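Engineer: need the 3D shape of this:
(chains A and B)
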Amino acid sequence: MWTFVHKLGSPKWSYAICGRLQPFFWVAALILLPIGTVWSLAISPPDYQMGDSYRIIYVHVPSAILAQSVFVAMALASAVFLIWKIKVADMAASVMAPFGAAMTALGLFSGSLWGVPTWGTWWTWDARLTSMLIQLFLYIGVIALRGAFGRGDQGAKAVAVLTLVGVVNIPIIKYSVVWWNTLHQPATFSLTERPAMPASMWMPLLVMVLGFYALFIALTLYRLRNELIRRESRARWVQALAD
Amino acid sequence: MSANSGGSTTGRGEEIGLWAGCVAQVRRELKIARRRGGDLVNPLMFLALVVVLFPLGISPEPDLLASVAPGLLWVAALLAMLLSLDGLFRGDHEDGSLEQMLLSPLPLPVLCLAKVVVHWLLTGLPLALCAPLLGVLLALPGAGYLALMLSLALGTATLSLIGAIGAALTVGLPRGGVLLSLLVLPLYIPVLIFGAGAVKAAIEGGMAGPALALLGALLALALAAAPFAIAGGLRISVNG
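Structural biologist: Have a look, this model is predicted:
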C-alpha cells in the first residue's frame, strides 16, 4: 500500500498509472453521458407542474455537484502538496481548476435559464445563487494567482494556501438552502433519504451525475499527463518518451 | 528606517518573551505609522469621497438615501479597507524587515497578528468612528448609528485578518494590487452581508444583535485561523 502511495509521488509512475486508468473513465463517460442524455431528454416523463422545462435539471444538478466536488478535490490535493511536498498533487490541483470553473459557470448559466420559466427571473440574490457566484470568483482567483506567479514552487504553494482558505465556502453553499429559507429548493440527492422524485426521473439524473464524474476524472488524468510532461520536460524518462 | 527599530530580537542572543515581542512589534508599527501620517488619513478620505459621490450620482432625495445608506456605507468602508491592504507588508518586504520577522525566534503567526491588530487600529477603527459622520450625509435614520459603529468595528477587524492573507500571498508579486482584490473580495462577502444586515435590522426596529453576534463569530474564526494562513503566505512569498 505505502509503496503504491510513494510511487504516485514520482512523476514517471503517475504518468504511467494515469495512462493505465484513463481508458476506463473515458469509456464510462462515453457510455454514461449519451445514455443519460437520451434517457433524460426523450424517455423520462415530463413534470406535472413544470412540463418539459424541468429537464434542465439533468445538466444543472450534475454541473453544480461537480463545481463543489472539484473544489474539494483541489483542496485535498493542495493539502497533500503542502504537507508531503508531492508535486504531482499540485499538478493535479492545477489541471482541475479550469474544469471546476467551467462547471460552476455552467451551473449558474443553466440555473438562470431554468429560473425564467419557474421563478420568472434570470437572477435573484438567493443564498445558494450568491454563494455559487462567490465560488466562481474563487475559482477565477485561484487560476489568476497561478497565472501571476507562473510555473514554479512559490506560485504552487501560494495557490495551495488560497485553495485551502477558499474551501470554507463549500459548507456555506451546501447548507445555504438549509440555513436560509430561500427560493432555491433543497438538495435533490442525499445519501440517507430516498429522492422525492419518481425513479423514472431520478435514475437518468443519477446516470448523468456519474457520467459527469467519469468525464471529470478522465479529463483530469488526460490533462495531468500533459502537465507532467510539460513540467518534467527535462527529465530522462520524458526525453526517452519523445525519442 | 532600520530593520531593527524596536524589533523583536535583541541581536545579542538574549531570550525575549512572547508578550514583550508582541508589544515591541506593535510599538514599531505605530512608530512607522506616526512618521507617515498620510497612511492614516487616506482610507478616511477615500471613504468620505466615495460617500459624497453617491448622493450626486443617484439622487439627493433623503428617503432614497436613507434606504441605501447602510449598504452604501459598508461597501465604501470595505473598499477603503481593501485599498489600505496593498501596503500592509510591502514596505517591510522592500526594506528587509519581513526577513527579520521570519528569522525571529518568536512564532510568526503571533507577529503577524500584532501587525494586523495595528492595521485595524489605524484603518478599521477610524473608519468605524468616522462612519456616523458620513451617515449624517446619507440621512441614515437615528436608530442605525450605534449598530453602524459596532458592526464596522467588529467587521473591519475580520476584513483586516482576511485581507492580510491575500496581502501576504501577493507581496512578492510586482503588481499584486488588482489580483489582491480578486482574491480577497469573494471572502469579504459574508462580512458585508452581516454587517449591512445589522444596520438595516437596527433601522427597521428589529434587533441588530443576531447579525452582530454572527459578525463576532466570523471574527473569532478569523482570529483563530487567519494568523497561520498569513504566516504561511509570508513564508511562501519570502522563501519561495
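Engineer: just for the chain, where's the confidence low?
Structural biologist: All of this is about chain A. A:1-2, A:4-5, A:7, A:176-183, A:186-196 (pLDDT under 70).
Engineer: wrong chain, I was asking about chain B
Structural biologist: Short version for chain B, where the test is pLDDT under 70: B:1-15, B:240.
Engineer: contact residues of it facing chain A?
Structural biologist: B:165, B:169-170, B:172-173, B:176, B:179, B:182-183, B:185-187, B:189-190, B:229, B:232-233, B:236-237, B:240 (CB under 8 Å from any CB of the partner chain). (Glycine included, C-beta is placed from N, CA and C.)
Engineer: now, of these, which are buried?
Structural biologist: If you count burial by 16 or more other CB atoms under 10 Å in any protein chain shown, the buried members of the residues of chain B next to chain A come out as B:165, B:169-170, B:172-173, B:176, B:179, B:182-183, B:185-187, B:189-190, B:229, B:232-233, B:236-237.
Engineer: show me what counts as buried in the top helix by length along chain B.
Structural biologist: With secondary structure taken from DSSP state H, chain B has its longest helix at helix B:209-239. For helix B:209-239, burial by neighbour count (16+ other CB under 10 Å) applies to B:211-212, B:214-216, B:218-219, B:222, B:225-234, B:236-238.
Engineer: repeat for stretch A:27-37
Structural biologist: A:Ala28, A:Ala29, A:Leu32, A:Leu33, A:Gly36, A:Thr37.
Engineer: can you name the two of the residues you listed that sit furthest apart?
Structural biologist: A:Ala28 and A:Thr37 (14.6 Å; CB to CB).
Engineer: what segments of chain A are helices?
Structural biologist: A:2-9, A:11-38, A:57-84, A:87-119, A:127-149, A:153-166, A:169-179, A:199-231, A:236-242.
Engineer: residue closest to the middle of chain B?
Structural biologist: B:Ser160 (3.0 Å; CA atoms, centre = their mean).
Engineer: quick check: which element contains that one?
Structural biologist: helix B:145-170 (DSSP states H and E).
Engineer: which elements pack onto that helix?
Structural biologist: Using 3 or more CB pairs under 8 Å, 6 or more residues apart in numbering or on different chains; DSSP states H and E as the contact test, the elements touching helix B:145-170 are helix A:127-149, helix A:153-166, helix B:62-85, helix B:108-119, helix B:125-137, helix B:177-203, helix B:209-239.
Engineer: adding distance to A:Leu76 as columns, could you present these in a markdown table?
Structural biologist: Converted to a markdown table, the helices and strands packed on helix B:145-170 look like this (distance: least, CB to CB, whole Å):
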| stretch | distance to A:Leu76 |
| --- | --- |
| helix A:127-149 | 14 |
| helix A:153-166 | 9 |
| helix B:62-85 | 29 |
| helix B:108-119 | 24 |
| helix B:125-137 | 38 |
| helix B:177-203 | 20 |
| helix B:209-239 | 17 |
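Engineer: and B:Ala33, which of the ones you listed is closest to it?
Structural biologist: That would be helix B:108-119 among these, by CB to CB, at 7.2 Å.
Engineer: contacts for the closest one, please.
Structural biologist: Outside helix B:108-119, the residues that touch it by CB atoms under 8 Å, 6 or more residues apart in numbering or on different chains are B:8, B:18, B:21-22, B:25-26, B:29-30, B:33, B:84, B:88-89, B:101-102, B:104, B:160-161, B:164, B:168, B:223, B:226-228, B:230-231, B:234-235.
Engineer: hang on, the earlier thing: hmm, the residue nearest to the centre of chain B is touching B:Leu121, no?
Structural biologist: No: under the criterion of CB atoms under 8 Å, B:Ser160 is not in contact with B:Leu121, lying 9.4 Å apart.
Engineer: between the two, which contacts overlap?
Structural biologist: Joint contacts of B:Ser160 and B:Leu121 (CB under 8 Å, 6+ apart) do not exist.
Engineer: need the contact list for the residue nearest to A:Met74 when sequence neighbours are not counted.
Structural biologist: Nearest residue to A:Met74 in three dimensions, chain neighbours excluded: A:Ala93, at 4.6 Å (CB to CB, 6 or more residues apart in numbering or on different chains). The contact partners of A:Ala93, taken as CB under 8 Å, 6+ apart, are A:Ala73, A:Met74, A:Ala77, A:Ser78, A:Phe81, A:Val159, A:Ala160, A:Thr163.
Engineer: many thanks, we can stop here.
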